[in-house]
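Trainee: Test case, fold it:
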Amino acid sequence: MNKEIIKIGFNHFRLYNSGLKNLSWFNNFEEKSIELYKEIWDKGADSEDLLNFITSDEEGDEDYSNELHENLNFDDDDTDQIEIKIENKNFEKYVNEALEFYLTKNNVTDKNQIGFVSSKLPIKDKIKQTIDFLNDPKIKVISKPVLGYVEDKINKEFLINSSVFAYDKDQKKIIYLKYSSCPTQEYYLKGIFDYSIYKKLNIDVEEFSIICIDGIKGGNRFIIKNKINFIETRGVWQGKNKPSLNNGDLNKFNIKINGLLYEKASLFGANFDLPLSYWVKRNLFPNVSVLKINGDLESGYSIKYENIINNATNIIDEPFNTIVNNIIESSKYVGDYKLIANYLTNELLNISLDELKNKIETERLENLNFYNKINTLKWLKKEEINSLCLILMGKLHHQNGFKLYGIKNKFNLFAVKKIDDRFAKLPYIVCTEALNIIKKIHIKDSVTVWYDYEGFSSVFPIINGMGPNRQIINQVSIIKTSNGKKIWNTNLVIDTKKIKLIDLIELIENIYDINASAYVVFNKTYENYRNSEISDLVYQAIKKVEKYEQLCESEDPRRHEFYEVNNLKDDIEFVEEFIKKGYVDEQNNPDHYKFDKLIQHINNNTVDLADAFKYYSLQNEAIQKTKYYKFTVKDKLIHKDKLSKSYNFEDMKEKIWLLGKDEDKTTDFEPCYAKLAFTFLNDLKNKYSIKKIENFITSNDLKLKTRIKPYKNLEIKNGTMAMAEAIKRHAGITGEFSWEKITESLKEYCENDVIAMIMVYEFIMEIFRKITNNIDDFEYKLNINDVKKDSKYVIDDNLNIDFLVN
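Mentor: So this is what the prediction gives:
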């Protein structure tokens, strides 16, 4: 009788070593957590809402690299089933080019020396093919090897299997492939998993390396359209995430990003290098807390590696065979939601599931705190931590975004319930400062430009100078108004299959208006960054063409190579078009400065509506100095507070207290205050996206002059859908006819976002119409010469507005 074959891969191993050993079979954490939540707490819960909670990112933490492959599974055997966020064609191209890079770098020139393990074979046949290649003396490098061994149990065979990108037989080296830049800490665990399997099969492993995108910053001029700059690194950054660019120190960042501080440790004060193989063979993980890079580029950098080594911890705490046997034993948890739930509540809260449910139903939440336990868990991803919160907290799970609660409180059911209950009762508040954010819109007879970008990305650079996975804008919707009336609008969508730098210039030209005093966006970090990026791309293109022309004038023999290596055909075509547009100096040479003046005018006069709704620290000076006013919303209208008075910061601080020191003597938590915003609405759940503000306005059916189309009625409903369509067209998946139709839907969606901004502006103004006596005396009546950085609106005790010109 054929036994059932059950695969055990790296993800089982990772979950086991996280500290929740019996969750090793909880492989699809997101999906299974939602199933578990529904079984335990609410069968009718909306799966999409639960998924949004699990995968939610805190607002304001935008990563401009937009690395779409960051969470691609290590278990390459399952790659065919993974829904990769970018097109399969590019994914396969990436893999092939990475292999070509490795072979060229390591002088493997004969294709007959490469063994390709077929992805179409069943896993046991992949293992057999890999072994055949290992035994074939002609083969030097094996592509996508799969190795494993079987643990035979009653009626079942457990196949413990390793899948890696490549194995170099000559160098006895395991090679991994990362789909973005900067290998991070999970490779230590992955390394010991694969090393243990190879060792068990008597296959030598002397080295590890990772092929990834070169993460060095400041190298955009070397980025060529459709070409990825790969690196092979033997050192691995020990953090969960990429290193941050502290104090703008590019040199220190660059030492960390490609693992150089470990791969070449002897350059920075160590007695020997510390590649991944050093740590894996000794089952050691470098101590993160004691890493400090001393010195500078000029004097040289030094690192006290003895502290990092002496304070290192174990990667795994048990022998590999013990871990495998325990993973097999925990397979009994598969499909038994009650067993899993009881395991989790016992492990993290020291009570049974039934006890937990009873305590939540009766609101006896004291001591239901898993903060200390969660801190002992290793190797878990953010989404998995969120999933645990969902399962353990039920309907109490965080209603207001994790940032509200504080580090200790967010894993404390008592604290979360108290904070959520009190947050829901906070009043609606607006500040004088909200008016000052929008004061430029009030300039008489001036033009206000409202605009919104949509962008997309690809793992392969879309144009010269734009790095892998970096977003590039491909559409804009613009509405221009003067004195509150629309005077012009347009919706532009670039065909992403044919996108060029000159197309981005034309987007900027449409946004720019010589008579504009305000360019209104929602989240200027995105728009202004993209604008500056376009200016940088123009500068790079001009400089490269100038360099080429100098080489040609001197008949330098390097000119041909320079042309080919830098893909100068695109840049030369761009500069010719740029000159035709009139961006030239007196000698008719391309003039970047003339174009950059447009960018500076736009960015320097940006009005960010998000500034009126985002949350600020209570230490923020503007938050402490402004005046606060309460208002209510009822019967489709905004109403001023019955007391009709202003409040200072200290008054307001008392009202936003959510959790105090002496709340409950038996519960360990930290004091908590709500963060304040210049327009505070507790319905936004401690977030401030334009969609949430729009939803507040429409759900209350507020009578504003401008209303948008409901997003649910649009063909393109959100930015993710818009990006997906742009990516598909760029990849050649969407044809000409379909793209024409999709373009109209993209325009409708993006324009709706711009109309939403106008609606949000009107919402702010309507609040001030209700709480003050005379805002209409100032809207579209301010003199342009009076509106300066330090000029401002003030409201007196009688609720009369004045505009002070300093």
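Trainee: how many other residues sit next to Arg530?
Mentor: By other C-beta atoms under 10 Å, 19 other residues sit near Arg530. (Each C-beta comes from the backbone N, C-alpha and C, glycine too.)
Trainee: same check, this time on Lys225
Mentor: Neighbours around Lys225, by other C-beta under 10 Å: 17.
Trainee: can you pull out the helices in the stretch 551-700 of the chain?
Mentor: 559-565, 568-580, 592-604, 621-625, 649-655, 690-699 (DSSP state H, counting those that start in this stretch).
Trainee: could I get those as JSON lines with mean neighbour count and mean pLDDT?
Mentor: Below are the helices of the stretch 551-700 of the chain laid out as JSON lines (neighbours: other C-beta atoms under 10 Å; pLDDT from 0 to 100):
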{"stretch": "helix 559-565", "mean neighbour count": "13", "mean pLDDT": "94"}
{"stretch": "helix 568-580", "mean neighbour count": "18", "mean pLDDT": "98"}
{"stretch": "helix 592-604", "mean neighbour count": "16", "mean pLDDT": "98"}
{"stretch": "helix 621-625", "mean neighbour count": "14", "mean pLDDT": "93"}
{"stretch": "helix 649-655", "mean neighbour count": "14", "mean pLDDT": "91"}
{"stretch": "helix 690-699", "mean neighbour count": "18", "mean pLDDT": "94"}
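Trainee: can you redo the ones you listed as JSON lines with distance to Phe522?
Mentor: Listed next are those as JSON lines, based on distance: least, C-beta to C-beta, whole Å:
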{"stretch": "helix 559-565", "distance to Phe522": "41"}
{"stretch": "helix 568-580", "distance to Phe522": "30"}
{"stretch": "helix 592-604", "distance to Phe522": "15"}
{"stretch": "helix 621-625", "distance to Phe522": "19"}
{"stretch": "helix 649-655", "distance to Phe522": "25"}
{"stretch": "helix 690-699", "distance to Phe522": "5"}
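Trainee: do you know which of those lies nearest Ser196?
Mentor: helix 559-565 (43.0 Å; C-beta to C-beta).
Trainee: List of residues touching the closest one?
Mentor: Contacting residues not belonging to helix 559-565 are listed as Ile224, Lys547, Tyr548, Leu551, Cys552, Leu568, Lys569 [C-beta atoms under 8 Å, 6 or more residues apart in numbering].
Trainee: For the host helix or strand of the third one, name the packing helices and strands.
Mentor: Here Tyr548 sits within helix 524-553, counting by DSSP states H and E. The criterion is 3 or more C-beta pairs under 8 Å, 6 or more residues apart in numbering; DSSP states H and E, and the helices and strands that helix 524-553 contacts are strand 447-456, helix 501-511, helix 559-565, helix 568-580, helix 592-604, strand 606-608.
Trainee: Quick one: closest of those to Leu261.
Mentor: Using C-beta to C-beta, the nearest of those to Leu261 is helix 559-565, at 29.6 Å.
Trainee: What is the most widely separated pair among the contacts of helix 559-565?
Mentor: Farthest apart among those by C-beta to C-beta are Ile224 and Cys552. That separation is 19.8 Å.
Trainee: Those two: which has the busier surroundings?
Mentor: A side-by-side neighbour count of Ile224 and Cys552, using other C-beta under 10 Å, places Ile224 first with 19 against 13.
Trainee: List the contacts of the nearest residue to Met652 once chain neighbours are set aside.
Mentor: Excluding its sequence neighbours, the residue lying closest to Met652 (C-beta to C-beta, 6 or more residues apart in numbering) is Tyr628, at 4.8 Å. Taking C-beta under 8 Å, 6+ apart as the criterion, Tyr628 is in contact with Ile429, Val430, Cys431, Ser646, Tyr647, Asn648, Phe649, Asp651, Met652.
Trainee: Great, nothing more from me.
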